[in-house]
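A.B. asks: quick check, what structure comes out for this input:
(one chain, ligands or ions: 2)
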Amino acid sequence: MIKCSIIGASGYTGAELANLVQQHPQMQLKGIYVSEKSADAEAELGTLHRRYLGQLELELTPLATADVAKAAEGVDLVFLATDHKVSVALAPALLETGVTVMDLSGGFRFDSPAPYDKFYGFTHDNPEWLEQAVYGLAEWNAAAVCHAQLVAVPGCYPTASLLALKPLQEKGLIKLDTTPVINAVSGVSGAGRKASMVNSFCEVSYNPYGVLNHRHQPEIALHLGNPVIFTPHLGNFQRGIVATITVQLAEGVTQAQIDDAYQSAYAGKPAVRLYNKLAENHWPSINGVANTPYCDIGWKLDSETGHLVVVSAIDNLLKGAASQAIQCANIRFGLINYPLSKKVAV
Ligand SMILES: NC(=O)C1=CN([C@@H]2O[C@H](COP(=O)(O)OP(=O)(O)OC[C@H]3O[C@@H](n4cnc5c(N)ncnc54)[C@H](OP(=O)(O)O)[C@@H]3O)[C@@H](O)[C@H]2O)C=CC1
Ligand SMILES: CC(=O)N[C@@H](CCC(=O)OP(=O)(O)O)C(=O)O
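C.D. replies: Ligands and ions are numbered 1, 2, ... in the order given. Down below sits the predicted model:
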């Protein structure tokens, strides 16, 4: 049994994680934490998130930053489901205890501090751990995740975008010096549980935001190895992301090469479901992935112009956060592939 604790467990991704850890046949949930002065301190998780009423009965323990090492006592693995700045503040003391850390924030997704000043609005003061952290895109980085003490679980939009684009990039199918264009829409849970004007019910519309300056643009570009134009949109639904991506292919790339790129990249990778065997008018959708750990990918080539449209869909709280963190933990500790293993019911 891998013993786990979760810091930030009352939030949207933290609660999903708590549920997945509790259901995991080879994991044990030892502690769930919130900030020192949290309004939710001592509450049962199932009373905050009623889907889990009577199932998640552990109480949320308040944790002072200075005492964070307590969350590592007697456990093998700590999940950080906290804001970027909080994760950067908490991770070093946890790592010093020798525990493995899966961080769901963007606090360790880059290999240098520079993007933090420009895109995150704070100065990163831990370049050593930035260098050591492994980017946890589970289908692509398993060999490195296997040995990592600190895993930076990718952002939700980057997960959808990278899983769609990497098969093309790795096979050299994207035309040199061109920039894939990613238009993506996310449900409101992507903004977290804390109330704000932006995610207030009456304010949410369908609109772009972060145009040409969203922090996921450099994250996608870094881990793809190609610049991208990324435009996120806020949708008036709870959870899920659909990314519609337009790519200019290299001269002469055929349908067979594209199909082969996706099939060979994701053979034996049950979290990714390919739509090319479905009828032409079937595309990945929010309904197809919400509340599931899957990434669905479909594509269509315009053979006259060499443009490819790729559509990728995930649940932002699962494949975009909690279930991808569990996939990384499974890889790191050699566990069964829960919740994707066919032997275990989800
Ligand atoms: N929502 C999403 O779709 C995705 C989110 N992420 C990232 O995952 C992280 C968590 O996101 P999300 O679940 O949405 O966030 P929420 O705002 O829903 O939850 C944040 C959690 O952190 C707790 N917290 C805040 N400060 C501290 C602290 N100092 N010590 C301990 N706990 C603290 C909060 O509780 P309290 O304030 O009561 O203490 C709460 O439990 C973020 O970095 C986010 O960017 C990544 C991918 C997708
Ligand atoms: C709808 C919404 O607000 N989404 C969030 C992305 C959430 C996510 O992926 O988190 P990271 O911050 O950990 O990268 C945003 O655009 O900021």
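
A.B. asks: the residue in the chain sticking out farthest from the centre in helix, strand or coil?
C.D. replies: Residue farthest from the centre of the chain, counting by CA atoms, centre = their mean, is residue 304 at 35.2 Å. Following DSSP: H, G, I helix; E, B strand; the rest coil, the label given to residue 304 is coil.

A.B. asks: could you measure from it over to residue 249?
C.D. replies: Residue 304 is 12 Å from residue 249, where distance means CB to CB, to the nearest Å. C-beta here means a position set from N, CA and C on the backbone, and glycine is covered the same way.

A.B. asks: same thing with residue 46?
C.D. replies: Taken as CB to CB, the span from residue 46 to residue 249 is 49 Å.

A.B. asks: higher neighbour count, the two?
C.D. replies: Comparing residue 46 with residue 249 by other CB atoms under 10 Å, the one with more neighbours is residue 249, at 21 against 18.

A.B. asks: which pLDDT does the model give the closest residue to that one other than its chain neighbours?
C.D. replies: Leaving aside its chain neighbours, residue 249 sits nearest to residue 306 (4.6 Å; criterion: CB to CB, 6 or more residues apart in numbering). Per-residue pLDDT puts residue 306 at 97.

A.B. asks: for residue 306, what are its contacts?
C.D. replies: Neighbour list for residue 306: 175, 248-251, 253 [criterion: CB atoms under 8 Å, 6 or more residues apart in numbering].

A.B. asks: please repeat the previous calculation with a cut-off of 10 Å.
C.D. replies: By CB atoms under 10 Å, 6 or more residues apart in numbering, residue 306 lies in contact with 175, 178, 247-253.

A.B. asks: filter these to the buried ones?
C.D. replies: 175, 247-249, 253 (16 or more other CB atoms under 10 Å).

A.B. asks: of all the residues you listed, which comes closest to residue 50?
C.D. replies: residue 247 (42.2 Å; CB to CB).

A.B. asks: looking at this, that closest one is in a helix?
C.D. replies: No: using three-state DSSP, the assignment for residue 247 is strand, not a helix.

A.B. asks: which ones are touching it?
C.D. replies: If you count contacts by CB under 10 Å, 6+ apart, residue 247 has them with 164-165, 168-169, 173-175, 178-182, 226, 228, 253, 258, 299, 301, 306-310.

A.B. asks: of these, which belong to strands?
C.D. replies: Among those, DSSP state E puts 181-182, 299, 301, 307-310 in strands.

A.B. asks: which among those gets closest to ligand 1?
C.D. replies: residue 182 (16.3 Å; CB to the nearest ligand atom).

A.B. asks: and the pLDDT at that closest one?
C.D. replies: Residue 182 is given a pLDDT of 98.

A.B. asks: number of nearby residues for it?
C.D. replies: For residue 182, using other CB under 10 Å, the count is 26.

A.B. asks: quickly list what it is bridged to.
C.D. replies: residue 230, residue 245 (DSSP bridges).

A.B. asks: ok, it - contacts?
C.D. replies: 157-158, 160-161, 164-165, 216-217, 220, 228-232, 243-247, 310, 312.

A.B. asks: swap in 7 Å and give it another go.
C.D. replies: 161, 228-230, 243, 245 (CB atoms under 7 Å, 6 or more residues apart in numbering).

A.B. asks: out of the residues you listed, which touch ligand 2?
C.D. replies: Applying CB under 6 Å from any ligand atom to the contacts of residue 182, one finds that nothing falls near ligand 2.

A.B. asks: what does the stretch 201-346 of the chain put close to ligand 2?
C.D. replies: By CB under 6 Å from any ligand atom, the residues of the stretch 201-346 of the chain that approach ligand 2 are 232, 234, 320.

A.B. asks: and these, which is closest to ligand 1?
C.D. replies: residue 320 (4.7 Å).

A.B. asks: so for the closest residue to ligand 1 within the chain, what's the nearest residue that isn't a sequence neighbour?
C.D. replies: Closest to ligand 1 within the chain is residue 11: 1.9 Å, counting by CB to the nearest ligand atom. Leaving aside its sequence neighbours, residue 11 sits nearest to residue 193 (CB to CB, 6+ apart; 5.0 Å).

A.B. asks: ok, now how distant is residue 185 from ligand 2?
C.D. replies: Remark: distance between residue 185 and ligand 2 (CB to the nearest ligand atom, to the nearest Å) = 9 Å.

A.B. asks: name the next helix or strand downstream of the helix or strand hosting that residue, please.
C.D. replies: Using DSSP states H and E, residue 185 falls within strand 181-186. Downstream of strand 181-186, the first helix or strand assigned by DSSP H and E is strand 207-208.

A.B. asks: show the average pLDDT along the next helix or strand after that following strand.
C.D. replies: Later in the chain than strand 207-208, the nearest helix or strand by DSSP H and E is helix 216-224. Regarding helix 216-224, the rounded mean pLDDT is 98.

A.B. asks: any idea how far helix 216-224 is from the chain center?
C.D. replies: Helix 216-224 has its average C-alpha position 13 Å from the chain's average C-alpha position, going by CA atoms, centre = their mean, to the nearest Å.

A.B. asks: list of residues touching it?
C.D. replies: Here helix 216-224 makes contact (CB under 7 Å, 6+ apart) with 106, 109-110, 115, 119, 135, 137, 155, 157-158, 161-162, 165-166, 169, 227-228, 230.
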